[in-house]
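Q: fold the stuff below for me.
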Amino acid sequence: MQGVTVVDHPLVQHKLSIMRKKETSTASFRRLLREISLLLGYEVTRNLELTTEKINTPMEEMDAPTLEGKKLVFASVLRAGNGLLEGLLDLVPAARVAHVGLYRDHDTLEAVEYFFKAPSDLGDRLVIVVDPMLATANSAIAAIDKLKERGATNIRFLCLLAAPEGVERFTKAHPDVPVFTASIDRGLNEKGYIMPGLGDAGDRMYGTK
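A: Predicted coordinates for the structure are as follows:
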């Protein structure tokens, strides 16, 4: 699908398969999500711009590559997005963090906002939005709508699983936002859950129902 990168690294796919198993414990699911977010993080940050600065190694002076521009922002779509966020912050500890609180109305499947907090200068930074599931895409679209309202212009979306229906709706709503995912699954069921999927990521991560 145009605008979508599927990260098919063997370690990503292996860890994802373990996460899909219904018998995987809450502790293991949480640990695996953190681990897989590191691997996905390598891909979503692969083409960050670099500059050089002079440093002194123990041997000599050199022009060393360093990240250019302001620190990036990880925008977590609450609550499940925090599972990916923790691993990404291990990868980029100095990143800024935004939180977008959304829940899905189980009758309409529409996203309802209840919280938003972000750095003030989003327009000057790369914003990576994280949410484990791109199902109906309602939450993802609403989150990026809000971030754009606050000035964000350079945005990427990172998820663990996506449904073809969600990808189609998302790319139509935000064709300028590339998507990175570990898998595009078969589709959605009548309740809007990804099939075969892995269930509700937030519930499995926090042991709730």
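
Q: which strands border the top strand by length along the chain, and is each parallel or antiparallel?
A: When the chain is parsed with DSSP state E, its longest strand is strand 96-104. Its sheet considered, strand 96-104 pairs with strand 73-78 (parallel), strand 111-117 (antiparallel) by DSSP bridges.

Q: is it possible to export these to CSV including distance to D185, mean pLDDT and mean neighbour count?
A: All C-beta atoms are positioned from the backbone trio N, CA, C, and that covers glycine. CSV is the format used below for these (distance: least, C-beta to C-beta, whole Å; pLDDT from 0 to 100; neighbours: other C-beta atoms under 10 Å):
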stretch, distance to D185, mean pLDDT, mean neighbour count
strand 73-78, 19, 94, 25
strand 111-117, 20, 84, 13
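
Q: isn't there a strand covering K71?
A: No: secondary structure of K71 (DSSP: H, G, I helix; E, B strand; the rest coil): coil, not part of a strand.

Q: tally of neighbours for it?
A: For K71, the neighbour count with other C-beta atoms under 10 Å is 14.

Q: what sits against it?
A: Counting by C-beta atoms under 8 Å, 6 or more residues apart in numbering, K71 touches V92, A94, A95, R96, R125.

Q: thinking the first one is in contact with V44, fair?
A: Put plainly, it is V92. No: with contacts counted by C-beta atoms under 8 Å, V92 stays clear of V44, the gap being 10.5 Å.

Q: other residues contacting the longest strand of the chain?
A: 71-78, 81, 85, 89, 110-119, 122, 125, 127, 129, 136, 138-139, 142-143, 146-147, 192.

Q: on that earlier part again, would you turn the strands paired with strand 96-104 into CSV with distance to R31?
A: Formatted as CSV, those follow (distance: least, C-beta to C-beta, whole Å):
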stretch, distance to R31
strand 73-78, 18
strand 111-117, 26
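
Q: with that, I have no additional questions.
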